[in-house]
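>>> I'll drop the sequence and a predicted model, then ask my questions.
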Amino acid sequence: MIHTRALTKTFTVKKQPVEAVRGVDLDVAKGELVAFLGPNGAGKSTTLRMLTGLVEPTSGTATVAGHDVRRDSAGVRRNIGYIGQGNAAGHYHYVRDEMVTQGCAYGLTRPAARERADELLETLELAGMGRRQSSTLSGGQRRRLDVALGLMHQPPLLFLDEPSTGLDPQNRANLWAHVLAVRERFDTTLFLTTHYLEEADEMAERVVVIDHGRIIADDTPGQLKSTLAGDRITVGLPDADAAAAAARVAERGTGATELDATGPSVTFRVPDSEAVLPEYLRALGEAGLTVRTARMAPSTLDDVFLSLTGRSLREETEAPQDEKHEHEEVAA
Ligand SMILES: Nc1ncnc2c1ncn2[C@@H]1O[C@H](COP(=O)(O)OP(=O)(O)OP(=O)(O)O)[C@@H](O)[C@H]1O
């Protein structure tokens, strides 16, 4: 569905090059659900804009839904849905009419567009909303309408840019349930960006992490967490000497990384804490050490990013998003 090789975009800002995307190689197969993560300014939107034919690459190649983004961007657009961050329906437009109009703009006949609109209204649980103006919908319903509009022409591939930003947790969960229903019903390949790490972890089968324009990780969330981060085990002991002794026990055979014994506790990471913790506690007992507390915390995608870059993705994505708005739009 998506194949890129050495995909690169360099903007020029005040005569200086800004390397937004640097040599991205990416392959997404039909039916995959891929989350694209990275801090502010990492190159997510620029990559998405190149893949959707909105921005021309500086160099490299990209084929999306079988069409070359440079030579046939119209072909790309006919075969993808793109759900951006804003609302796709005009404020005063009637929901079903707007869907039918947008479907016809993609070349569907009016009866086919009506049929498709009804099918999507039902799948996205908007069936009672067809005759309402989009401004009267709740935030969650409007977002579902955006998804419906992006799917009117039955694209096999759907791009979603921050689909759940601005929604409360309940509406986020609800949107996800509907996106997954769409995927199941229409066999749609999904490629999305999100700032919510927990969401990517839970929903995506594959997570691609971009930083400074380069892909730095690409795997299932589970694999990324176990190979690049690992769960954290923390054990409390009576004093610092006991903690130092417990650290020596951890060094022998648990595969511990990031081992730290400051004060009366020892903490370290392991790929599989559920298997390691009972063994470790037994080994501490055999060494004559008294355990006061034991805690394990599963690793997160933020731990993965931290271990890859030394920075926290959470802090960076929560930073004010002002950088790119300082730039004027410039030619490649
Ligand atoms: N039109 C543009 N002109 C000049 N520079 C740009 C333009 N668009 C993006 N950039 C720069 O390219 C880099 C990547 O930006 P991009 O918007 O792709 O990042 P992002 O990962 O989507 O960030 P965010 O999460 O904040 O949306 C940034 O340094 C940004 O300032």
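Great, that's in hand. All of these numbers come straight from a predicted model, not from anything done at the bench.
>>> so where is the stretch 151-300 of the chain shaky, pLDDT-wise?
Applying pLDDT under 70 to the stretch 151-300 of the chain flags no residue at all.
>>> Spit out the contact partners of the residue nearest to Glu258 when sequence neighbours are not counted.
Setting aside the residues directly before and after it, Glu258 is nearest to Arg269 in space (C-beta to C-beta, 6 or more residues apart in numbering), at 4.8 Å. For every residue, glycine as well, the C-beta is placed using N, CA and C. Going by C-beta atoms under 8 Å, 6 or more residues apart in numbering, Arg269 touches Ala229, Gly230, Asp231, Arg232, Ile233, Ala256, Thr257, Glu258, Ser299.
>>> Repeat the analysis, applying 10 Å as the threshold.
229-233, 254-260, 276, 297, 299, 303, 307 (C-beta atoms under 10 Å, 6 or more residues apart in numbering).
>>> Report the beta-bridge partners for it.
Beta-bridge partners for Arg269, by DSSP bridges, are Arg232, Thr257.
>>> and the one helix or strand Arg5 maps to, which residues are buried?
Using DSSP states H and E, Arg5 falls within strand 2-13. Across strand 2-13, burial judged by 16 or more other C-beta atoms under 10 Å covers Ile2, His3, Thr4, Leu7, Thr8, Lys9, Thr10, Phe11.
>>> What separation is there between the most centrally placed residue in the chain and the ligand?
By C-alpha atoms, centre = their mean, the chain has its centre lying nearest to Ala35, at 3.1 Å. Distance of Ala35 to the ligand, given as C-beta to the nearest ligand atom, to the nearest Å: 13 Å.
>>> could you give the angle of the helix or strand hosting that residue to strand 2-13?
Taking DSSP H and E as the criterion, the element that holds Ala35 is strand 33-37. Comparing the axes of strand 33-37 and strand 2-13 via axes from the mean of the first three to the mean of the last three C-alpha atoms, to 10 degrees yields an angle of 20 degrees.
>>> contacting residues for the residue nearest to the centre of the chain?
Contacts of Ala35 by C-beta under 10 Å, 6+ apart are 160, 190-194, 196-197, 199-209, 221, 301.
>>> Was I right to think Leu158 contacts Gly150?
Yes: contact criterion C-beta atoms under 10 Å: Leu158 and Gly150 qualify, at 5.9 Å.
>>> Next, show the common contact partners of those two.
Listed as contacting both Leu158 and Gly150 by C-beta under 10 Å, 6+ apart are Ile80, Gly81, Tyr82, Ile83, Val182, Thr188.
>>> Buried by neighbour count, from the residues you listed: which ones?
If we count by 16+ other C-beta under 10 Å, these have these buried: Ile80, Gly81, Tyr82, Ile83, Val182, Thr188.
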